[in-house]
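> Give me a model of this one.
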Amino acid sequence: MSIVEARLIDRIRQNFDAGVLPRERAKNIWRSYGVGDACSACSDPMLRGQGVFEFDTAAQTYRLHTGCYGLWEGELIRRGLFTPSSIVVTHRALFPVECSSAARCTASHGVCATRKPGGANSRPSHQ
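Numbers count the residues shown, from 1 in each chain. Just a heads-up that it's a prediction; the model follows:
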């Protein structure tokens with residue numbers, strides 16, 4: 001582990017202990033891309049093209065770099081606050097995509113009313 005990684009883990013643990021980060025995993029988690037705002041875990045900017053995890057709690061919305069999210073979730077597991085099971089992450093499209101087959105859509109782009117949670121591919125996959 002590099003010094004940079006160790007410092008990031010320490011920062012996330014400090015934010016966790018200070019109550020800056022939630023002590024439980026959200027039920028719904030979305031995947032999108034950075035737009036320049038600060039990461040809820042490390043405070044560094046989330047640049048365009050960087051993967052971001054976003055989730056809501058009763059108190060606020062959290063947006064974390066992909067790596068920061070993994071470290072935060074790892075901290076939940078390490079402390080016995082979360083037990084991993086089958087996890088489904090839904091992609092949230094940054095720019096709405098028109099769907100011409102809404103009645104049959106199984107895409108995860110967030111436009112269709114009949115969408116189902118998708119995997120790592122955010123492109124429409126119509127039947």
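
> any weak-confidence spans in this structure?
Low-confidence segments of the chain (pLDDT under 70): 86-127.

> mind checking the longest helix of it?
Identified as the longest helix of the chain according to DSSP state H is helix 3-17.

> buried residues in that one?
By 16 or more other Cβ atoms under 10 Å, the buried positions in helix 3-17 come out as L8, I9, R11, I12, R13, N15, F16. C-betas here are computed from N, CA, C, even on glycine.

> swap in stretch 68-79?
Within stretch 68-79, the residues that qualify as buried are C68, Y69, L71, W72, E73, E75, L76, counting by 16+ other Cβ under 10 Å.

> was I right about the first one contacting I12?
It refers to C68. Yes. At 6.4 Å, C68 counts as touching I12 under the criterion of Cβ atoms under 8 Å.

> Quick check: neighbours shared by those two?
Shared contacts of C68 and I12 (Cβ atoms under 8 Å, 6 or more residues apart in numbering): A41, C42.

> Pull the number of nearby residues for the nearest residue to Q50 once chain neighbours are set aside.
Spatially, and ignoring its direct neighbours in sequence, Q50 is nearest to G34 (4.3 Å; Cβ to Cβ, 6 or more residues apart in numbering). Residues near G34, counting by other Cβ atoms under 10 Å, number 19.
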